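Engineer: Need the 3D shape of this:
(one chain, ligands or ions: 1)
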Amino acid sequence: MQAIWDVLKSVPDPEIPAVSVVDLGIVREVRDGRVIITPTYTGCPAALTIEQSIRSALDEAGYRDVGIDTVLSPPWTTDWISDEGRRKLEDYGIAPPSLAANARCPRCGSTETVEISRFGSTPCKAQWRCTACLEPFDRFKCH
Ligand SMILES: [Zn+2]
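Structural biologist: Numbers count the residues shown, from 1 in each chain. Predicted coordinates:
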């Protein structure tokens, strides 16, 4: 089981390669030779490629007989992103999801930030700008 988790930890999110599908909480469970996943935002084109990425990683590691089940309920939420995942997002320059009104700038840590656009580089992220260091950045939307 642990070996399968290790394979899964090496599968990057198609949209944010800095974090793995495990960091994002997409992998719910590994049990009875099956991997249970809940894709992020079903409206995201990337959701379609997540299962394919996991499939090919498992195949390459010799786990051809391990199946993948997609479970849509309960729906994935940003709460499932691990602490390590949040740290990696920030290192990558993306503000992790939070309930705070203002995003924390991933570059300088300031909360003197403003939302520029509800839609950033992808529909899952909003575009923000830091008024302290003036850098624009993406903020993961809360779901
Ligand atoms: Zn800043």
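
Engineer: going forward, measure contacts between C-alpha atoms and count neighbours the same way
Structural biologist: OK.

Engineer: give me every residue that touches Cys133.
Structural biologist: By CA atoms under 8 Å, 6 or more residues apart in numbering, Cys133 lies in contact with Cys108.

Engineer: three-state assignment of it?
Structural biologist: coil (DSSP: H, G, I helix; E, B strand; the rest coil).

Engineer: can you check Ile68 too?
Structural biologist: strand.

Engineer: Beta-bridge partners for it, please?
Structural biologist: Beta bridges link Ile68 to Val35, judged by DSSP bridges.

Engineer: If you count contacts, what does the longest helix anywhere in the chain end up packed against?
Structural biologist: Determined from DSSP state H, the single longest helix within the chain is helix 46-60. Helix 46-60 is packed against helix 2-9, with contacts defined by 3 or more CA pairs under 8 Å, 6 or more residues apart in numbering; DSSP states H and E.

Engineer: Could you identify the helix or strand that succeeds the helix it packs on?
Structural biologist: strand 27-31 (DSSP states H and E).

Engineer: Give me the sheet partners of that following strand and which way each runs.
Structural biologist: Strand 27-31 pairs in its sheet with strand 34-37 (antiparallel), by DSSP bridges.

Engineer: roughly how far is the strand it pairs with from the heart of the chain?
Structural biologist: 17 Å (CA atoms, centre = their mean, to the nearest Å).

Engineer: ok, Ser20 - contacts?
Structural biologist: Going by CA under 8 Å, 6+ apart, Ser20 touches Leu8, Lys9, Ser10, Val11, Pro12, Asp13, Gly85.

Engineer: same check, this time on Cys105
Structural biologist: Contacts of Cys105 (CA under 8 Å, 6+ apart): Ala95, Thr111, Glu112, Thr113, Arg129, Cys130, Phe137.

Engineer: quick one: secondary structure of it?
Structural biologist: coil.

Engineer: hmm, who's touching stretch 65-72?
Structural biologist: Taking CA under 8 Å, 6+ apart as the rule, stretch 65-72 contacts Gly33, Arg34, Val35, Ile36, Ile37, Thr38, Pro39, Glu51, Arg55, Leu58.

Engineer: try 10 Å this time
Structural biologist: With CA atoms under 10 Å, 6 or more residues apart in numbering as the test, stretch 65-72 has contacts from 4, 26-40, 42, 51-52, 54-55, 58-59.
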